[in-house]
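**Q** All I have is the shape, not the residue letters:
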Ligand SMILES: Cc1cc2nc3c(=O)[nH]c(=O)nc-3n(C[C@H](O)[C@H](O)[C@H](O)COP(=O)(O)O)c2cc1C
C-alpha cells in the first residue's frame, strides 16, 4: 500500500500534469549590468551550509524513499550530490522507521554521499500525535539512518486533505516542533511541500526552526498529484482537488514573506527550474535554493550530475551579468517586479 503510494508519487510528479507552473519568478527581472567589472571566471558560487562548505547555494529537494525504485533514485541523487558538493534532503522517513526492510532505500544516501550535508525528513501530521519519548526516538532514528546534519519536518496540510489515505492532523504541531528544537542534537528545518509559507507562519517559527524552506506554489503540486491518485476510486476527491489546484503562495511571494518575518536562513523552493530561477530567488533574499521535480526526472534518466552542473552554469551566468562576484552580492542586484508580485507585496506590507 505505502509502496504503491511512493511509486505513484514518483511517476505522477515526473509527469507534466503535476506541474502548475506559476512560481511568479517570471515577475522578477534582475537588471542587466553592462559593466560587471569582473571576469566570468571570477564568479565564486561557493558558500556554507550548516557550517560546511558547499559548491553552490543549492540543495537537492526532499523526495523519496521506501521502495526499490526510490532506492535507485536516492542512490543516483546522492552520488551526484557527493560529486558536485551540494547538500541533499531525503523524502519522509516514517516508512524507514516503521518498516525496517525499507531502511536500505535511505541508507544508500549516506553510503553514496558520505561527506556532504544530508537532511532527514519527517511529516508534521505523523509527529503531531507522538508523545515526547517516541518523537525523540523517531527523530533520532531518522537522523542516524542517513547520518544527517539536520532534520526537516514538512508541513503539508493541503496534500493531506486531498490524499485518499490522508492524515490532516495538524493540532499540536508547533508544540511538537518546539520539543524537537529543545531536544534534538541537530538543527531543525521546517518546510512546506509546494503551497508556501506566509509571513505569519514564518513569524511563528522564529526560535522554533533554525532554517525554513518556503516550498511555494508554482512547481510540483501535491494537490494535483493526490487528486489524480484519487480519480478512479474517489472521483469527488479528484474534483475537489481540481478546484484547489492553484492553491498556495507563489514562490516569489513566499520568499519575500519569509525573509520579512523569519530571522534565520531561508531556502527558496517550489517551481525553481533552472539556475536563473535560483539567482532570482537569491536576489529576493533567499540564502539557498532547492529543486525537486527536475532532479527526479534527471534521476530517472540517470543524468543528475548533468542537471546540477547546468544549474550551476546558469547561476554563474546570472551572477556575472548582474556583477555579482559572490553569492551574497546577488542581493544587491537591482530588480524590477511585475504587477502581480508588486501588488501582492504592497497589500501584504512586505518589502523585498
Ligand atoms: C516525488 C516527490 C516526493 C516528495 N516527497 C516529499 C517528502 O517525502 N517530504 C517532503 O518534505 N517533501 C516531499 N516532496 C516535496 C518537495 O520537497 C518540494 O517541496 C516540492 O516538490 C516542490 O518543489 P519542486 O516544484 O521543485 O518539485 C516531494 C516531491 C516529489 C517530486
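**A** On my side now, so go ahead. Here the structure is a predicted model, which means the values were calculated and not measured.
**Q** in the protein, what residue is nearest the ligand?
**A** residue 219 (2.1 Å; CB to the nearest ligand atom). For every residue, glycine as well, the C-beta is placed using N, CA and C.
**Q** residue contacts, the closest residue to that residue other than its chain neighbours?
**A** Nearest residue to residue 219 in three dimensions, chain neighbours excluded: residue 271, at 3.2 Å (CB to CB, 6 or more residues apart in numbering). Counting by CB atoms under 8 Å, 6 or more residues apart in numbering, residue 271 touches 19-23, 25, 216-220, 251, 277.
**Q** so residue 271, which of the three states?
**A** Of the three states, residue 271 takes coil under DSSP: H, G, I helix; E, B strand; the rest coil.
**Q** just checking, next helix/strand downstream of the worst-scoring helix or strand of the chain on mean pLDDT?
**A** In the chain, the helix or strand scored least confidently by mean pLDDT, DSSP states H and E is helix 2-14, which has a mean of 92. Counting by DSSP states H and E, the next helix or strand C-terminal to helix 2-14 is strand 28-30.
**Q** so what secondary structure elements neighbour the next helix or strand along the chain from that following strand?
**A** Under the assignment DSSP H and E, the closest C-terminal helix or strand after strand 28-30 is strand 47-49. On a contact count with 3 or more CB pairs under 8 Å, 6 or more residues apart in numbering; DSSP states H and E, strand 47-49 meets strand 52-54.
**Q** Which neighbouring elements make contact with the strand it packs on?
**A** The contact analysis (3+ CB pairs under 8 Å, 6+ apart) places strand 52-54 against strand 47-49.
**Q** Check the offset of the strand it packs on from the chain's centre.
**A** The gap between where strand 47-49 is centred and where its chain is centred comes out at 17 Å by CA atoms, centre = their mean, to the nearest Å.
**Q** which residues sit against it?
**A** Contacts of strand 47-49 (CB under 8 Å, 6+ apart): 53, 54, 56, 57, 59, 87, 117, 288, 327.
**Q** buried sites along that strand?
**A** By neighbour count with 16 or more other CB atoms under 10 Å, strand 47-49 contains the buried residues 47, 49.
**Q** got the contact list for the closest residue to residue 257 other than its chain neighbours?
**A** Closest residue to residue 257 apart from its sequence neighbours, by CB to CB, 6+ apart: residue 199 at 4.1 Å. By CB under 8 Å, 6+ apart, the contact list for residue 199 reads 257, 258, 260, 261, 348, 350.
**Q** got the contact list for residue 256?
**A** Taking CB under 8 Å, 6+ apart, we find residue 256 in contact with 284, 285, 341, 345, 350, 351, 352.
**Q** just residue 8 next, same as before
**A** Contacts for residue 8 were tallied using CB under 8 Å, 6+ apart; they are 225, 229.
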